[in-house]
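Participant: Take this sequence and fold it.
(chains A, B, C and D)
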Number of protein chains: 2
Amino acid sequence: MTKMTKITSASALPLNTILDGDCIDVMNSLPEASVDLIFADPPYNLQLKGDLHRPDNSRVDAVDDHWDQFASFEVYDKFTKAWLKAARRLLKPNGAIWVIGSYHNIFRVGAALQDEGFWILNDVVWRKANPMPNFRGKRFTNAHETMIWASKGEGGKYTFNYEALKSLNEGIQMRSDWVLPICNGGERLKDANGDKAHPTQKPEGLLHRVLVGSTNPGDVVLDPFFGTGTTGAVAKMLGRDWIGIEREAAYREVATRRIADVRKYDKTALEVTRAKRSEPRVPFGQLVERGMLRPGEELFSLGNRHKAKVRADGTLIGNDVKGSIHQVGAHLEGAPSCNGWTYWHFKRDGKVVPIDVLRQQIRAEMEERPH
Amino acid sequence: MTKMTKITSASALPLNTILDGDCIDVMNSLPEASVDLIFADPPYNLQLKGDLHRPDNSRVDAVDDHWDQFASFEVYDKFTKAWLKAARRLLKPNGAIWVIGSYHNIFRVGAALQDEGFWILNDVVWRKANPMPNFRGKRFTNAHETMIWASKGEGGKYTFNYEALKSLNEGIQMRSDWVLPICNGGERLKDANGDKAHPTQKPEGLLHRVLVGSTNPGDVVLDPFFGTGTTGAVAKMLGRDWIGIEREAAYREVATRRIADVRKYDKTALEVTRAKRSEPRVPFGQLVERGMLRPGEELFSLGNRHKAKVRADGTLIGNDVKGSIHQVGAHLEGAPSCNGWTYWHFKRDGKVVPIDVLRQQIRAEMEERPH
DNA sequence: TTTCAGGATGAATCTTCCA
DNA sequence: ATGGAAGATTCATCCTGAA
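Facilitator: Prediction:
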C-alpha cells in the first residue's frame, strides 16, 4: 500500500509514495538528477473577486482555496522560480517537465521556465470537449488550458515515443492540440459529503497521453502538486514509478486510497510501437556477407531511374561514383542526403523489393536470438 | 488612396495610413488615448539554427529575417515592454489589445502585458487546420498559435460583440479555440519573383473574427507591426478605421496596393454559407485514453473467431500481429482491408458490443458541445 | 468540363552515432 | 569536444497540367 513518509535529508528515492510537506523543501531533500519526468499542476493564482452565478441562479463552485492565493505577481513569480529551480535540480540530464496552467499564470510560468534554463519543446493545448460556458456572455468560453513541455536544457535528449503517439492518433502525427473531456462522472473523486474532493482534478486521459508520450516503463515520474493523485494513478497503470508531494492531508488520503485501487496493465499491453531509430543498426555489408545480396548484383532506384552495382565490401558503384548506399543514392539524386535502405531495390523472382526488407529479416532474427 | 506619412510630433490621428518608422517612436508621436483597438503580431524571436529539409529533401523556407533576431531573452523583454508601454498609452480607457505569438515568445509577452498593467480577458488558441508537420518526428506538430486579448486595465469596459460571435459560431457561444486554415492560396501575397511577400502573413479570417468581436464600425484599429497589412485590409472591409506602422519599405508597398484593392463589404456579402461538417474522426486511441477500454482488455471479432488485446498506445496485438484495429482485423481475416470499428467487439455486463458504439458516444458528446 | 496525379509549401527553436 | 557519416522523417491544401 502507498505510504506517507517524511523525507528530511538526501536519501534513496522514496518510490510510489506521497510525501508530506512544502514541495520546495521536499524536492530539495531528494537526491539530485534522479527523476525522469516531472508533471506539475501548480496553483493558478486565479484572483477571483465575488461569487459567480449561473443563469438559473445556482452558484458556481469556484477555486477559492487558500493555496491558490498570492499577494501579487511578484510573490507568485518568486514562488514559481523557487519550485522550478528545485524541480530542475531533481531531473536527470535527459529528463523533462510538463507544467499545466491557464492564462492567469501560464505566461509567468513559461517565462520562468525559460529563465531557469529549461528548453521549451512544445506548448500543448488541452481543448476541453465540455468546458463550463461563460455565463455572463462577457468573454469567450474558456475552453482550453495550456501545457508546456520542456527539456532540462537545450540539447537534452528527452524521451518522445513518436510512433506510440502516432498510433494513438490513428496513424497521423500527434499535434499540439489535444481534444479531451474534463474530469467528471465516475472518474471525479468525491469527498465524504459527495462534493468534489479537489477543485482542479485533471482527467486521466491527459496524463495517459503525457506519460505514454514522454516516459518509458520503469521511469520515475514526480508530481510536486500531487492533489488527488491523477499522476500517480496513471503512472501506476502504465508501469512507471511515481513520487507525489502534497501538503494537504485530505488530498493525500484521497490519493492514497485511489492509487491503492489501481491495477497495473499487463506487460504486453504496455509495450508500445517503437521508432525505427531505436532498433539496432544493421550495416549494409552484412547483407553481402550473409549472401542475401551477391557482389556484382544490380540495385535499382525508386522509379528505376538509376542503378548501381553491389561490391564485396558493402559499397555500391553507380555511374562512376563509389560509396555507401546512402552516399551513392544522394549523389545520383543530387540531394543533400538519402536513405539508401528505402531508396535501393533488388529483383527476386521478377519482383522488385526494397533492400530494407532484408534488414528487417536480420532484425527479426536478432529478436529471436539476441546477442 | 492610402498615403505614407511621417509623423514627427503629436498631431491629429493619421487614419487609414501606413506610417514609416520604428513602432515605438511612431506610437509615442501619436496622441494618447486615441485608439480603440491594437492588434500586434510582434517578432517571435525564433532562434533557428541550421537548415531543415523535408523527407523529400526539399528545403523549408524558414523565417530567418533580420527583424526576428534578438541577442537574448533580456533584449527581447526590453523591446517587448517598450512597445507595450507605448501601445498602452495610445489606447482609450476602454480600449483593448490583441497580441499573437508562439511558445518562443508568447510567455514573455503575456507576462509583460500583466506587468505593464493590462488585464488579460482571454487567451485564444488559433488551431491551424493545415500546419506544417514535424518532419523529424521529434516533437508534436506545432499546430497552433496563441493570441492574448487584454483590456487597458482591470475594470476596463472593453467591447465584446457576444451575439455577433455567437452567430458566427452557429448559435453557440464562441470558444477560446478557433479552427482556421493558415494563409495560402490566392490570399497569400507574392512578390515580383512569385515568392511569398512576407514570411508570416496572417489569414484574413483570423482578423475578421478579432475585429467583428472586439470593435464596432467606425472604431480606430492600430497595428504596430503592420507587415503586408492584413489588419488594415480587414478593417477596411469591415468599415473600421485603421493605422499601420511598418519600417520595411517593401512591406509597406505591398500593403498599400493590397488595401487599395479592398472594397468595404456590403451587407449581403457578410452573409456566409457554411459547409456541413462531415463526421469528425475519432482515433481509437482516444477510447483507451479515456478509459472506455482498458489496456490489456480483450476484443472479439464478429462471430467470435478471433481475439486481440488492447495496448496502451491504441494498437492491438492478436496472434503475434501488432497494429491498428483495422490492420489486425485485416490480417486475421486474410483480407486486404477491414473496418475495425465494426469488426471488433468488447464485453460489458455479459453483452458483446461493437466498439463503434463507443465512437458514437464520443461523437454525440462532441455534437452537444462542438469545438 | 471534370477528374486525378503530381508538385509545392507553410512562424520550425526538428538526429544520432562513432571515431 | 568535434566532425563526418549513417539514416530517419510529413499533413493539409492549393495549383498545374494531363487525361
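Participant: The stretch 101-250 of chain A against DNA strand C: which residues are in contact?
Facilitator: For the stretch 101-250 of chain A, the residues found near DNA strand C under the criterion Cβ under 7 Å from any atom of the strand are A:114, A:119, A:120, A:121, A:122, A:157. For every residue, glycine as well, the C-beta is placed using N, CA and C.
Participant: Show the contacting residues for the first one.
Facilitator: So the one you mean is residue A:114. A:120, B:73, B:107, B:108 (Cβ atoms under 8 Å, 6 or more residues apart in numbering or on different chains).
Participant: for stretch A:352-371, what is the average pLDDT?
Facilitator: What stretch A:352-371 shows for mean pLDDT is 84.
Participant: Isn't residue A:323 up against residue A:315?
Facilitator: Yes. Judged on Cβ atoms under 8 Å, residue A:323 makes contact with residue A:315 at a distance of 6.0 Å.
Participant: about what we covered before: now, the residues of the stretch 101-250 of chain A next to DNA strand C that are in helices?
Facilitator: Among these, the members found in helices (DSSP state H) are residue A:114.
Participant: Save the residues of the stretch 101-250 of chain A next to DNA strand C as TSV, and put in distance to residue B:27 and pLDDT too.
Facilitator: Shown next, in TSV, are those (distance: Cβ to Cβ, whole Å; pLDDT from 0 to 100):
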residue	distance to residue B:27	pLDDT
A:114	27	98
A:119	33	98
A:120	30	98
A:121	35	98
A:122	33	98
A:157	44	96
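Participant: Identify the farthest-apart pair in the residues of the stretch 101-250 of chain A next to DNA strand C.
Facilitator: The most widely separated members of those, counting by Cβ to Cβ, are A:114 and A:157 (19.5 Å).
Participant: which residue does chain A bring closest to DNA strand C?
Facilitator: residue A:120 (3.9 Å; Cβ to the nearest atom of the strand).
Participant: Near that residue, how many other residues are there?
Facilitator: Neighbour count of residue A:120, defined by other Cβ atoms under 10 Å in any protein chain shown: 17.
Participant: before we move on, what about the one 5 residues further on?
Facilitator: Taking other Cβ under 10 Å as the criterion, the count of residues near residue A:125 is 24.
Participant: so what's it bridging to?
Facilitator: Counting by DSSP bridges, residue A:125 is bridged to residue A:146, residue A:177.
Participant: And stretch A:149-160, what's buried?
Facilitator: For stretch A:149-160, burial by neighbour count (16 or more other Cβ atoms under 10 Å in any protein chain shown) applies to A:149, A:150, A:151, A:152, A:156, A:158, A:159, A:160.
Participant: now the helices for the stretch 251-371 of chain A?
Facilitator: With helices called from DSSP state H, counting those that start in this stretch, the stretch 251-371 of chain A shows them at A:267-270, A:285-289, A:325-333, A:340-343, A:356-368.
Participant: Can you check which of the ones you listed gets nearest to chain B?
Facilitator: Nearest of the helices of the stretch 251-371 of chain A to chain B, taken as Cβ to the nearest Cβ: helix A:267-270 at 3.8 Å.
Participant: burial count for the closest residue to DNA strand D within the stretch 51-200 of chain A?
Facilitator: When scored by Cβ to the nearest atom of the strand, the stretch 51-200 of chain A has residue A:173 as its residue closest to DNA strand D, at 3.5 Å. Counted with other Cβ under 10 Å, the neighbours of residue A:173 add up to 17.
Participant: pretty sure it contacts residue B:132?
Facilitator: No. In this structure, residue A:173 is not within contact of residue B:132 by Cβ under 8 Å, at 10.9 Å.
Participant: Name the residues contacting each of the two.
Facilitator: residue B:141.
Participant: that older thread, pick out the most distant pair among the buried residues of stretch A:149-160.
Facilitator: Farthest-apart pair in the buried residues of stretch A:149-160 is A:152 and A:160; separation 14.2 Å (Cβ to Cβ).
Participant: After the lowest-mean-pLDDT helix or strand in chain A, which helix or strand is next?
Facilitator: Within chain A, no helix or strand scores below strand A:3-5, which has a mean of 45 by mean pLDDT, DSSP states H and E. Downstream of strand A:3-5, the next assigned helix or strand under DSSP states H and E is strand A:17-20.
Participant: Mind giving me the packing neighbours of that following strand?
Facilitator: Contacts defined by 3 or more Cβ pairs under 8 Å, 6 or more residues apart in numbering or on different chains; DSSP states H and E place strand A:17-20 against strand A:3-5, strand A:241-246, helix A:249-260.
Participant: need the contact list for residue A:338.
Facilitator: When contacts are counted by Cβ under 8 Å, 6+ apart, residue A:338 touches A:326, A:327, A:329, A:330, B:57.
Participant: Next one: the fourth one from residue A:302, what distance?
Facilitator: From residue A:330 over to residue A:302 the distance is 13 Å, taken as Cβ to Cβ, to the nearest Å.
Participant: More neighbours: these two, which one.
Facilitator: Of the pair residue A:330 and residue A:302, residue A:330 is the one with more neighbours under other Cβ under 10 Å, namely 20 against 15.
Participant: Can you give me the pLDDT of the more buried one?
Facilitator: Here the pLDDT value assigned to residue A:330 is 93.
Participant: Just the pLDDT for the residue lying closest to it once chain neighbours are set aside.
Facilitator: Closest residue to residue A:330 apart from its sequence neighbours, by Cβ to Cβ, 6 or more residues apart in numbering or on different chains: residue A:338 at 3.9 Å. Note on residue A:338: pLDDT of 93.
Participant: Need phi/psi at residue A:338.
Facilitator: phi -160, psi 130 (degrees, to the nearest 10).
Participant: Same check on residue A:101?
Facilitator: According to degrees, to the nearest 10, residue A:101 has phi -170, psi -180.
Participant: Which helix or which strand is home to the spatially closest residue to it that is not a sequence neighbour?
Facilitator: Spatial nearest neighbour of residue A:101, excluding adjacent residues (Cβ to Cβ, 6+ apart): residue A:109 at 5.4 Å. Element membership of residue A:109, judged by DSSP H and E, is helix A:106-115.
Participant: Pull the distance from that helix to the chain's centre.
Facilitator: From the chain centre to the centre of helix A:106-115 is a distance of 19 Å (Cα atoms, centre = their mean, to the nearest Å).
Participant: so where's the stretch 251-371 of chain A shaky on pLDDT?
Facilitator: Scanning the stretch 251-371 of chain A for pLDDT under 70 picks out A:369-371.
Participant: Could you list the domains of chain A?
Facilitator: Domain ranges of chain A: A:17-46+A:64-270, A:284-368, per the TED database.
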